[in-house]
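Engineer: what would the 3D arrangement of this be:
(one chain, ligands or ions: 1)
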Amino acid sequence: MIARQITIHDDVASTAHAIAARLITSINDAIAARGVAHVVVTGGSLGIAALVAVAENPAKTSVNWSQVHFWWGDERFVDSDSADRNVLQAEPLFAALDELGLDRGTVHAMGASDQYESAEQAAVAYTQLLAQEAPEGSASPVFDVLMLGMGPDSHVASLFPNHTRSDELGAIAVHDSPKPPPHRVSLTMGTINTAREVWLIVAGADKAPALAAASHEINEVAVPASAVRGTQATRWIVDRAASTLL
Ligand SMILES: O=C(O)[C@H](O)[C@@H](O)[C@H](O)[C@H](O)COP(=O)(O)O
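Structural biologist: Alright, predicted model coming up:
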């Protein structure tokens, strides 16, 4: 059984702002403890709304952003200028942090289809990048916070039920994604679960059945959201509409 800390907020906006406030605190705590923060962010409407909420949060000025590394849980394997790119959708955050010391070299985007021949090559490149930034003997940095949105089918990152998965560490290519666009790069569940804290961030009534299914039993293949867990904490930060069946 995974011990999960569940917090329920009124609506999407208040959930996004709560995630942002908690993220700012967590980043400051990580920097205070280790001099650096490694954060994995996510695409999806709530994931991006949370990043925009960080940009809007006055407390962002309390963070030494030059010590923060941003990673991605998944990315769409499309051209780098496509509006489908998660890293482009997060640009409002990075633009706000540029003037607060953010080093764009620590915004580690996953590869795009105009940069790599295949999603497989982009996944290999990201796996190598994770290893480069990792402590000796590890496959990736110790992520302080790893955020994951969840689809109505209980997918997290680009790990879809009964679809591509891997027992490897690092990133993998995903094809025929049930959620468009079809080709993606995703962290594996094994890498996701190396994070100190994993935050499942979910909003909307359409997610209520999947969230209930994820709370019943751990089944990584059929219910990916059920299997995510941090080494120190697993948080579900959700809105009321998504929590009605819990
Ligand atoms: O690249 C992606 O599509 C996301 O990483 C994906 O995992 C997303 O987080 C969920 O599908 C939830 O998305 P919504 O919040 O928009 O429902």
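
Engineer: for L51, which non-adjacent residue is spatially closest?
Structural biologist: Closest residue to L51 apart from its sequence neighbours, by C-beta to C-beta, 6 or more residues apart in numbering: L93 at 4.2 Å. Bear in mind the C-beta positions are built from the backbone N, C-alpha and C, glycine included.

Engineer: around the one you found, count how many other residues there are.
Structural biologist: When neighbours are defined as other C-beta atoms under 10 Å, L93 has 23 of them.

Engineer: ok, now the one 3 residues further on?
Structural biologist: Neighbours of A96 under the rule other C-beta under 10 Å: 18.

Engineer: okay, it and the ligand: tell me how far apart.
Structural biologist: As judged by C-beta to the nearest ligand atom, to the nearest Å, A96 and the ligand stand 21 Å apart.

Engineer: touching, that residue and K60? I think so.
Structural biologist: Yes: here A96 reaches K60: they are 7.0 Å apart, a contact under C-beta atoms under 8 Å.

Engineer: which neighbours do those two share?
Structural biologist: By C-beta atoms under 8 Å, 6 or more residues apart in numbering, A96 and K60 have these common neighbours: V54.

Engineer: about what we covered before: name the SS class of the residue nearest to L51, please.
Structural biologist: helix (DSSP: H, G, I helix; E, B strand; the rest coil).

Engineer: residues contacting it?
Structural biologist: Shown in contact with L93 (C-beta under 8 Å, 6+ apart): 51-52, 54-55.

Engineer: how about the residues of this structure near the ligand?
Structural biologist: Counting by C-beta under 6 Å from any ligand atom, the positions of the chain adjacent to the ligand are 42-47, 73-74, 86, 149-151, 155-157, 179.

Engineer: Y116: which of these is nearest?
Structural biologist: Nearest to Y116 out of the residues of the chain next to the ligand is D74 (C-beta to C-beta; 15.2 Å).
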